[in-house]
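turn this into a model:
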Amino acid sequence: MSFSISSPVTGAAVTGLTSPTYTYAAGTGPTNRSKQYTVSNLGGTQTGVSVHSVSNPFTCMFGAPATVRSLPRANPITGLISQIPVNVYKLNVRKGLVVQVNQPVVVGGVYATINVPAGAETNDKVSLAAMFSSFIGVFTQTVNGILDTVVSGEP
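A predicted model of the protein is given here:
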């Protein structure tokens, strides 16, 4: 699998964190079609944030479909493909979170699901690139607003 994390990763500018960086160490993915990394070191100022441990996880996992599906043959009469299979990839970042003092850590996460219609990876790579670029751009631009919404409950 081509996915790999080059450490340290520079985190997005988020209120409350100063120049955050994350050192990821390769771990074992939950399946043979996934890769998982754990945060082994923090950089910048992140007071109160902890690195990965068994009881307080801080991981990043990328998973590919168990079997990558390709386009079926087109109908010989109409030339159309009736059902386009979709390959699903997942990028998950999990972090143990303290819900209240003297309570056990509970795992929260950001889960991105990437749906790619079979054939698009070959026939429309530029649009796939635009889709990823736009997603990362919007996420980076709005990270503080997303965090504020999660904290306040107001969109």
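
list the beta-bridge partners for residue 10.
Per DSSP bridges, the residues bridged to residue 10 are residue 21.

show the pLDDT at it.
pLDDT recorded at residue 10 is 94.

contacts only, for residue 110.
Contact analysis of residue 110 by CB atoms under 8 Å, 6 or more residues apart in numbering lists 92-93. Heads up, the C-betas are built off the backbone N, CA and C, glycines and all.

direction included, what does the strand or helix carrying it pair up with?
Element membership for residue 110 (DSSP states H and E) is strand 105-117. With DSSP bridges as the test, strand 105-117 is paired with strand 86-98 (antiparallel).

out of everything not next to it in sequence, what's closest to the residue nearest the centre of the chain?
Centroid-nearest residue in the chain: residue 91, 2.9 Å away (criterion: CA atoms, centre = their mean). Spatial nearest neighbour of residue 91, excluding adjacent residues (CB to CB, 6 or more residues apart in numbering): residue 112 at 4.5 Å.

any figure for the gap between that neighbour and residue 93?
Using CB to CB, to the nearest Å, we find residue 112 at a distance of 9 Å from residue 93.

more neighbours, the two?
Using other CB atoms under 10 Å as the criterion, residue 112 and residue 93 rank with residue 93 on top: 16 against 12.

could you point out the longest helix in the protein?
helix 125-152 (DSSP state H).

got the angle for that helix vs strand 105-117?
Angle, helix 125-152 to strand 105-117, by axes from the mean of the first three to the mean of the last three CA atoms, to 10 degrees: 150 degrees.

quick one: buried residues of helix 125-152?
Across helix 125-152, burial judged by 16 or more other CB atoms under 10 Å covers residue 128.

ok, now stretch 66-84?
Neighbour-count burial for stretch 66-84 flags no residue at all (criterion: 16+ other CB under 10 Å).

I'd say residue 80 and residue 74 touch.
Yes. Between residue 80 and residue 74 there is a contact under CB atoms under 8 Å: 6.1 Å.

if anything else comes up later, I'll come back, but that's it for now.
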